[in-house]
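Colleague: quick one, what's the 3D model for this:
(2 chains)
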Amino acid sequence: MENIIEVKDITKVYGNQTAVEGVSFHIKKGEIFGFLGPSGSGKTTMIKMLTGQLKPTSGTANVFGEDLANLKKPSAKKRFGVLTDNSGLYGRLSIHENLKLYCNLYDVPESTIEEVLAAVNLQNEKKKKVSALSKGMTQRVTLARTLLHAPDLLFLDEPTSALDPVNTRHIYDGLRALNAKGTTIFLTTHDMEEADLLCDRVAFLNKGHIQLLDAPDRLKKQHSDQTITVELLTEEKVVLPAGAEGAERLHEWMKTGQIATIHSNEPSLGDIFVQVTGRVLA
Amino acid sequence: MNMSIKRINAIFQKDFKDFSRNSAVSVTILFPLIMAFIYKNMDTVTLDTYYLLFNMSFAIIATFIQCCLIAEEKEKNTLRGLMLSPASTTEILAGKSLLTFTVTVIALGLTAWIAGYEPTNMFIITAALGLSTLFYIAVGTLLGLLANSVMEASVIVLPVLGIFSFGSFGLAFAEKYPILQALEYLPSSQLIELARKVEEGAALSTVWPQFAVIAIWIAVAIAATIIVYRKRMVD
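Modeller: Coordinates of the predicted model:
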């Protein structure tokens, strides 16, 4: 499958501080790729480099097969979108007026506004001033703005930080719908559950380096301790090895109908991050 | 270089709506008009009086309003959205300047009308005022890019307003302090000198040095603005 992003040995240094060092990865077309790490690990720096807002100190990167320097062309800018937790909307203007500006900047018909507002369930709020909206609604308007030009590639920088679960769900639904239409998504987050829910592959970023990169399921299997937890009807919880020894005991309990629940003990992405980096996500 | 009029117009229209709902900034356009009414009723209204009003309009409208508009875009993180859109640097800066240019030109026209200023050569004076407007807008843009908030913008703009609006008054002390002779090259001083020559019947061929000095100020201000803008874009 075609690679939308290819990053080779990229480094970014601010003064005497290294934000990203020797990072290499690629993202395939249609993939949701998670760039995970705690605050200050270099996630936003990577997005800024890949969108032409920052020049790498060394290394190379291609987006849509183009060098980063070519991303400033209007034709390249029309192919990607950026969604952050900082809306960048005009508070004194209505939702419709904000979106109309971006329709004209991206040269898309105004009728698209109705479609994108319907996609984020805000079609009845279009005359409301942005300054009067809740944080969750504002973030949905920002998502709607990103959907206007149907980008081939979407960069998401902590898109659901500070959102309640209901609004987070709205954003996830919108992103999945967009991805189903073929948009490749580059997501940075420190929320491992979010990454697990959305991402096809994730990279763990720690102190500017990628320490692990794989599909969430494979990572969980690789770091599993190969045990299962069985809860008996007596409420006793027993941890069994997943091999032959455990199978015999499990078989016995099943025959005698003593089992209430069975859970495999694969770690969460957060557990794996702590195991690998020794750092807690925050 | 391809420029999209549609994108420039989109930014202008957005700014117009935003500005008309921002009374804290939009009300400043009334100040030069009120001053024009006051000065009109004075016993003697000289050429210096008219140009005091014009230089005040440049400072309060072209520079201050532009500075606030740009600083607010930065503070609210909306400038980043424009920078990431297909709009080029030129389109964004042109779009962002169009509203201030229009408002300044209207205010200058009303100020001249209220104060009763009728220049001998309308063409030269209009061209000089138009060019000066570009300079003050460029200065406002530059200061807005340097400021981190509207509050900061409204403070850092003050010394610049003082120098460019009232700097020409310093020439009165140039004999005592020769260093003040440099104030002669301020765009505001050049504008007054140009107007004086025009009133004496000078043609375009006579006032070109004043135009040249003002044009150099514009070129320097625009170059500095573009450098700072591009630096901010990759910061």
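
Colleague: now do the contacts for residue 13.
Modeller: Since no chain was named, I'll use chain A. A:19, A:57 (C-beta atoms under 8 Å, 6 or more residues apart in numbering or on different chains). For glycine as for every other residue, the C-beta is placed from the backbone atoms N, C-alpha and C.

Colleague: try chain B instead
Modeller: A:L101.

Colleague: the helices in chain B, which residues?
Modeller: Using DSSP state H, the helices of chain B run over B:5-20, B:23-26, B:30-40, B:47-57, B:66-75, B:78-84, B:89-115, B:122-146, B:150-166, B:187-199, B:204-233.

Colleague: the longest one to helix B:150-166, inter-axis angle?
Modeller: Using axes from the mean of the first three to the mean of the last three C-alpha atoms, to 10 degrees, the direction of helix B:204-233 lies 160 degrees away from that of helix B:150-166.

Colleague: ok, the first one next?
Modeller: For the pair helix B:5-20 and helix B:150-166, the angle between their directions (the same axes, to 10 degrees) equals 100 degrees.

Colleague: in helix B:5-20, which residues are buried?
Modeller: Within helix B:5-20, the residues that count as buried by 16 or more other C-beta atoms under 10 Å in any protein chain shown are B:7-8, B:10-15, B:17-19.

Colleague: now, which of those sits nearest chain A?
Modeller: Of all those, chain A sits closest to B:A10, with 3.4 Å by C-beta to the nearest C-beta.

Colleague: from what I can see that closest one touches B:K96, true?
Modeller: No: taking contacts as C-beta atoms under 8 Å, B:A10 lies outside contact range of B:K96: 11.5 Å.

Colleague: would you mind giving the buried residues of helix B:5-20 as JSON lines with distance to A:L133 and pLDDT added?
Modeller: Below are these laid out as JSON lines (distance: C-beta to C-beta, whole Å; pLDDT from 0 to 100):
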{"residue": "B:R7", "distance to A:L133": "26", "pLDDT": "95"}
{"residue": "B:I8", "distance to A:L133": "28", "pLDDT": "96"}
{"residue": "B:A10", "distance to A:L133": "22", "pLDDT": "96"}
{"residue": "B:I11", "distance to A:L133": "23", "pLDDT": "96"}
{"residue": "B:F12", "distance to A:L133": "25", "pLDDT": "96"}
{"residue": "B:Q13", "distance to A:L133": "22", "pLDDT": "95"}
{"residue": "B:K14", "distance to A:L133": "18", "pLDDT": "96"}
{"residue": "B:D15", "distance to A:L133": "21", "pLDDT": "95"}
{"residue": "B:K17", "distance to A:L133": "17", "pLDDT": "95"}
{"residue": "B:D18", "distance to A:L133": "16", "pLDDT": "94"}
{"residue": "B:F19", "distance to A:L133": "21", "pLDDT": "92"}
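
Colleague: low-confidence ranges in the stretch 151-282 of chain A?
Modeller: Across the stretch 151-282 of chain A, the ranges flagged by pLDDT under 70 are A:162, A:280-282.

Colleague: mind listing the strands for it?
Modeller: A:153-157, A:184-189, A:201-206, A:209-214, A:227-232, A:237-241, A:259-264 (DSSP state E, counting those that start in this stretch).

Colleague: which residues touch stretch A:241-257?
Modeller: Here stretch A:241-257 makes contact (C-beta under 8 Å, 6+ apart) with A:226-228, A:230, A:232-233, A:238, A:240, A:259, A:262, A:264.

Colleague: biggest separation within those residues, which pair?
Modeller: Spatially, the most separated pair among the contacts of stretch A:241-257 is A:Q226 and A:L233, at 25.2 Å (C-beta to C-beta).

Colleague: who touches the residue minimising distance to the centre of chain A in this structure?
Modeller: The centroid of chain A falls nearest to A:L187 when counting by C-alpha atoms, centre = their mean (2.9 Å). By C-beta under 8 Å, 6+ apart, the contact set of A:L187 is A:32-35, A:156, A:159, A:194-195, A:198-199.

Colleague: related to what we said a few turns ago, among the helices of chain B, which is the most enclosed?
Modeller: Among the helices of chain B, helix B:66-75 has the highest mean neighbour count (mean count of other C-beta atoms under 10 Å in any protein chain shown), at a mean of 25.

Colleague: alright, I will stop here.
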